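Asker: sequence-free structure coming up:
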């Protein structure tokens with residue numbers, strides 16, 4: 001059984017006070033319940049807002065089993081890119097993971113297949129884990145093109161990588177129709193085909209194949225049971241510490257069953 005990745009992105013939420021309380025709660029839970037280690041068979045990760053990166057890094061500590069990420073990073077190491085953050089800057093702040101290509105970045109900020117490829121390469125160049133997000137719209141899904149669409153997104157972002165580089169990448173399939181406040185939870189049946197396609201291409205070749213999109217405490221166990229799924233990338237359910245801790249318990253139970 002592969003390690004199950006369980007993570008959350010805070011998006012544009014949480015003040016420093018709120019973020020500090022969440023991180024302290026996670027740290028204290030892992031110490032009390034697991035001796036400071038991760039739950040058996042689980043790789044936890046958290047992607048706070050940029051403003052909370054160093055705060056969360058300091059609370060979790062250098063030896064934390066929880067990987068820390070950033071929600072975006074530029075492909076250039078430095079330069080006149082006002083408002084951007086480079087991968088070296090993210091790494092300097094404590095990040096180990098770079099989220100790349102989320103559908104909100106694609107829709108609202110002009111992210112393209114080309115820029116995802118540049119960002120994946122930059123993350124790998126500096127020793128960080130690229131977390132590549134892919135996903136199709138409801139229109140593409142209804143037309144029966146989900147698998148082809150997401151495979152094209154992934155291939156474009158991962159073009160030219162060596163097998164060793166590819167093995168350091170995590171892919172998160174997040175269908176646009178299932179994410180956000182207006183998203184609807186995907187059924188297990190709806191996810192079998194896209195994960196079969198992703199699994200055929202990437203299972204055993206990447207570090208993880210995650211699902212994200214209206215994940216909650218009621219459907220998490222079933223989602224982890226889908227073939228080729230090796231983790232969950234969770235939004236609102238995990239913004240509450242209690243929700244995230246329960247997701248860790250669900251994943252540990254699945255990993256050790």
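Answerer: Yep, that arrived. Predicted, not measured: the structure shown is a model, and the values here were computed from it.
Asker: Most distant residue from the centre of the protein?
Answerer: Residue farthest from the centre of the chain, counting by C-alpha atoms, centre = their mean, is residue 80 at 28.2 Å.
Asker: Helix or strand for it, just tell me which one.
Answerer: Residue 80 is part of no helix or strand when elements are defined by DSSP states H and E.
Asker: Pop out the phi and psi values for the closest residue to residue 179 other than its chain neighbours.
Answerer: Among residues not flanking residue 179 along the chain, residue 213 sits closest, at 4.7 Å (C-beta to C-beta, 6 or more residues apart in numbering). All C-beta spots, glycine's among them, are computed from the backbone N, C-alpha and C. Torsion angles at residue 213 (phi, psi; degrees, to the nearest 10) stand at phi 140, psi 100.
Asker: Tell me how far residue 213 lies from residue 93.
Answerer: 28 Å (C-beta to C-beta, to the nearest Å).
Asker: Tell me which residues touch residue 189, please.
Answerer: By C-beta atoms under 8 Å, 6 or more residues apart in numbering, the contact list for residue 189 is empty.
Asker: ok, now how distant is it from residue 223?
Answerer: Distance, residue 189 to residue 223, by C-beta to C-beta: 12 Å.
Asker: What is the neighbour count of residue 144?
Answerer: 9 (other C-beta atoms under 10 Å).
Asker: one step back: show me what contacts the residue nearest to residue 179?
Answerer: 135, 174-175, 177-179, 183, 185-186 are the contacts of residue 213 under C-beta under 8 Å, 6+ apart.
Asker: before we move on, back to that, pLDDT score for the residue farthest from the centre of the chain?
Answerer: Looking at residue 80, its pLDDT is 98.
Asker: Quick check: phi and psi on it?
Answerer: phi -90, psi 70.
Asker: Check which helices and strands the longest helix along the chain is in contact with.
Answerer: Longest helix in the chain, counting residues (DSSP state H): helix 16-34. Applying 3 or more C-beta pairs under 8 Å, 6 or more residues apart in numbering; DSSP states H and E, one finds that helix 16-34 contacts strand 42-47, helix 53-60, helix 241-256.
Asker: Which element, helix or strand, includes residue 5?
Answerer: strand 4-9.
Asker: what does that strand contact?
Answerer: If you take C-beta under 8 Å, 6+ apart as the criterion, strand 4-9 is touched by 41-47, 67, 69, 71, 99, 102, 131, 170, 208, 210, 224, 230-235, 238-239, 244, 247-248, 251, 254-255.
Asker: average pLDDT across that strand?
Answerer: Average pLDDT, strand 4-9: 98.
Asker: How about stretch 117-137?
Answerer: Rounded mean pLDDT across stretch 117-137 is 98.
Asker: Kindly report the same for stretch 237-253.
Answerer: On average, stretch 237-253 scores 98.
Asker: so how far is it off the chain centroid?
Answerer: On the basis of C-alpha atoms, centre = their mean, to the nearest Å, stretch 237-253 sits 15 Å off its chain's mean C-alpha point.
Asker: For that stretch, which residues meet the burial criterion?
Answerer: Applying a neighbour-count criterion of 16 or more other C-beta atoms under 10 Å, one finds 237-239, 241, 243-252 buried in stretch 237-253.
Asker: before we move on, what about stretch 204-216?
Answerer: Neighbour-count burial for stretch 204-216, with 16+ other C-beta under 10 Å as criterion, is recorded at 206-216.
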